[in-house]
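Chemist: model the structure of this input:
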Amino acid sequence: MNGQVNRWMVLVAILALAAGGCGATKQQRLRVTMLEDTNRNLTERLNQAYSDLDAFGSERNGLDQRLAEALDEIDALNLRLAEQPPAQEVAPGWTRIVGGAMIAIEGGVLFEPGKVKLRSEARRVLEAIVSAIQGEYGDKEILVFGHTDNTPIKKSGWTDNYQLSSERALAVVRYLRDRGVSPQRLVASACGEYRVRVPNSGPANRAANRRVEVYAIDAALLATQR
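Modeler: Reported below is the predicted structural model:
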């Protein structure tokens, strides 16, 4: 608005000076030239302002459209989420995974070093696992994975860490079977030293890698992998 007022003021000044006739002084003619230059600059600025306004309007329309599309996507995602079945609660100590849950038991809790016979203290932990398998996970397949650290077999008599981890997984599977878990649901697997939690860089890390993992998995999910 101020640009338009200034423009008209310049035009009025030019017309007033022109009305003075051909007898205008050199100073007046210079003044007219300056006012004409100012008028051109103001006109250019006004035109640029109109152009910028049009560009901003187009940009805003584009942003409005993108916002509307994003809101539509959010609505669609919320609808899909609403259609999903509620997540199953996990038993204490277990971790939710795709298709079920898992629990890891430190090897030192279950076995003496280099041994595959379950310690008497292990039974309390395994009884809680049996309870979850027969309760919350009564409709799932049970996979038991044995893991070791990378310490070479020297005195225990096992061929290698694969055999040690296999025998430990079997010891847990047999305990679960003897406590009433159907053998048709049970699978024992050996991972040896090759699926570590942390690098075997010290006693604490090696202890963390010695473990047995129990997975409760949907039968349908396992069937697709067979």
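Chemist: domain map for this protein?
Modeler: 2-83, 95-223 (automatic domain parsing).
Chemist: need the helix or strand of the protein with the lowest average pLDDT.
Modeler: Within the chain, no helix or strand scores below helix 2-18, which has a mean of 56 by mean pLDDT, DSSP states H and E.
Chemist: could you point out which element follows that helix?
Modeler: As assigned by DSSP states H and E, the chain's next helix or strand after helix 2-18 is helix 26-83.
Chemist: sorry, back to before: Glu89: which of the domains of the chain is closest?
Modeler: Proximity to Glu89 (Cβ to Cβ) singles out domain 95-223 among the domains of the chain, at 7.3 Å. Heads up, the C-betas are built off the backbone N, CA and C, glycines and all.
Chemist: save the domains of the chain as CSV, and put in distance to Glu89 too.
Modeler: Listed next are these as CSV, based on distance: least, Cβ to Cβ, whole Å:
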stretch, distance to Glu89
domain 2-83, 18
domain 95-223, 7
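Chemist: can you flag the weakest of these by average pLDDT?
Modeler: Ranked by mean pLDDT, these bottom out at domain 2-83, which scores a mean of 75.
Chemist: and the closest residue to Ile97 other than its chain neighbours, its phi and psi?
Modeler: Nearest-residue entry for Ile97: Tyr215, 7.4 Å, with adjacent residues in sequence omitted and distances by Cβ to Cβ, 6 or more residues apart in numbering. Tyr215 adopts backbone torsions of phi -110, psi 130, taken as degrees, to the nearest 10.
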